Each structure stands twice: as C-alpha cells, then as structure tokens.
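**Student:** coordinates only, no sequence provided:
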Ligand SMILES: Cc1cc2nc3c(=O)[nH]c(=O)nc-3n(C[C@H](O)[C@H](O)[C@H](O)COP(=O)(O)O)c2cc1C
C-alpha cells in the first residue's frame, strides 16, 4: 500500500538520473503513432468542417450535463460524429516537427503515449470490427472484421454489460516507451494523468452529439490486450469507454 501511495507522488523525479534518459543519451525518438499493417484498409474520416455542424451546444451546457451514461439506444453513430469524438480525444491540432504533434488534449512533455482502438458495433458506413485511429492522417485503419465484438467486450470487462452495447467502444492503450524516452522511471506517473484528459474530452464531446459514455478502468488486462492484439508489455490497455446514442 505504502509503495503505491508513494507512486502517486512526484518524488521519482528527484531520483531519476536525467543524464541516462534515452533522449539525453541521443537515442532517436520513437514514432508518433504505430505503423499501418501492410495491406490494411484505411478509411478517411470527415474533416473539421463537418465536425463543426456536429457540436452545437455551449461548453457550459456540455459541462453541466456531463454524466456517466450506461443506457444506450440502438441508433447508430454516423461517421461525422465518430470523427468528432476522435478529434476531440486525440486529434492533432498542430505539428511541431517530425517527432512531436500538439493534440486536442494535453500530454506531459507532449509525448502522447496513447493509441486509440475502436471496437465498432454500429457505426454507419463501417463494417463491425476492430479499427485503430491514425491521428496524424485523421483516418482509421481496419484491423479485422468481427461481428461478435459485443460479447467479447463484455467478457473482457468482467461482465459489465454496457461495455458491449453501445455503437462503438473506445479502447486506449499506452506505448510507455514514448514517455520513458524522455522521463525514464518518472514516465509512469504521468501516463494515467494524461488519460484523464482524454476521458473528459470524450464525455464532453458526447454531450454535444446526443451520445453518452462511461469511462472504464475495470477490465481483464490479458483478455483486453488479446482482443486488441497488443503484447501487454510494450503496449497495453489503460482505459476504455463505450459510446452510444442516448434517449433525449
Ligand atoms: C478512472 C475511472 C474509472 C471508472 N471505471 C468504471 C468502471 O469500470 N465501471 C463503471 O461502471 N464506471 C466506471 N467509472 C465511472 C464512475 O463510476 C463515475 O464517474 C462515478 O460513479 C461518478 O458518476 P458521474 O460520472 O456520472 O459523475 C469510472 C470512472 C473513472 C473516472
């Protein structure tokens, strides 16, 4: 218990030998996003112009209405709405050279260690299956078609039924080396702090499109990593959030 409490403090910063970080040793920075698997289908997402039409409530209203929603209707999400949610949670707003991009969410040292996977169940124009967001291109890549993701998600979230009953479930992994390259052992404290911002932007963006979400940190680590096809060490699940339309 004591060890875990200490982990939450920033004492680690004083303990790191900063000369030994990979960045300070001159090691090249890791790529900003995972590569596209060879031959995989990429799907262009509607651009920012169409997203403006999506969000028409005030920020004050979105903040006031935000709540965890677990009851979804059968209505699908359309591609503009999905595009808006992806932009709000991980979208790129400015490039700062080949090894850093500023996004719509903050990140310690602008290291952005997350990848966004989408378990698509009911989105207009997308075959149900597992996709990954490519923030640099604002595109999706189809990883595999799968019509049975709903029950698999419920199983991998320890039986939480709403995790497999929305239109799409966002699953965020971390690639910790992106953060460790600069912060060494101090990386792991800031990664979950980064995740909070992503979750809150998703909550607020959902309110703007008549959708709802609940962020989820309780899941079977191995089952979720297996569902995504990640190795559980260099990349693993950190947080997830089912999204669906809600009754008004
Ligand atoms: C880090 C974190 C983890 C959470 N994990 C779960 C979860 O596994 N299952 C769930 O039903 N809700 C989960 N929630 C949602 C909380 O239960 C919810 O935020 C809380 O009850 C307050 O309700 P509100 O969001 O409507 O204000 C989580 C929320 C956060 C911030």
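**Tutor:** Ah, there it is. Nothing here was measured: the structure is a model prediction, and the numbers come from that model.

**Student:** distance from the chain centre to the biggest strand by length in the chain, please.
**Tutor:** Counting residues, the longest strand found in the chain (DSSP state E) is strand 236-245. Mean-position distance between strand 236-245 and its chain equals 7 Å (C-alpha atoms, centre = their mean, to the nearest Å).

**Student:** how about stretch 22-41?
**Tutor:** Counting by C-alpha atoms, centre = their mean, stretch 22-41 comes out at 18 Å from the chain centroid.

**Student:** list the contacts of that stretch.
**Tutor:** 18-19, 42, 99-101, 112, 115, 132, 134-136, 141-143, 175, 177-178, 180-182, 184, 235 (C-beta atoms under 8 Å, 6 or more residues apart in numbering). Quick note: C-beta positions are derived from backbone N, CA and C, even for glycine.

**Student:** by mean pLDDT, which helix or strand of the chain comes out lowest?
**Tutor:** Sorting the helices and strands of the chain by mean pLDDT, DSSP states H and E puts helix 48-54 at the bottom, at a mean of 70.

**Student:** after that helix, next one along is what?
**Tutor:** helix 59-65 (DSSP states H and E).

**Student:** report pLDDT for residue 96.
**Tutor:** At residue 96, the predicted lDDT confidence score is 86.

**Student:** how about the residue nearest to it when sequence neighbours are not counted, phi and psi?
**Tutor:** Leaving aside its sequence neighbours, residue 96 sits nearest to residue 102 (C-beta to C-beta, 6 or more residues apart in numbering; 6.1 Å). With angles defined as degrees, to the nearest 10, residue 102 sits at phi -90, psi 140.

**Student:** just residue 189 next, same as before
**Tutor:** Per-residue torsions, residue 189: phi -70, psi -40 (degrees, to the nearest 10).

**Student:** you'd agree it is up against residue 11?
**Tutor:** No. Using C-beta atoms under 8 Å, residue 189 is not in contact with residue 11, being 9.5 Å away.

**Student:** narrow the contacts of stretch 22-41 to those that are buried.
**Tutor:** Buried members of these, counted by 16 or more other C-beta atoms under 10 Å: 101, 112, 115, 132, 134-135, 141-143, 175, 178, 180-182, 184, 235.

**Student:** still on that earlier bit, the residue nearest to residue 96: neighbour count?
**Tutor:** 14 (other C-beta atoms under 10 Å).

**Student:** swap in residue 153?
**Tutor:** Neighbours around residue 153, by other C-beta under 10 Å: 27.
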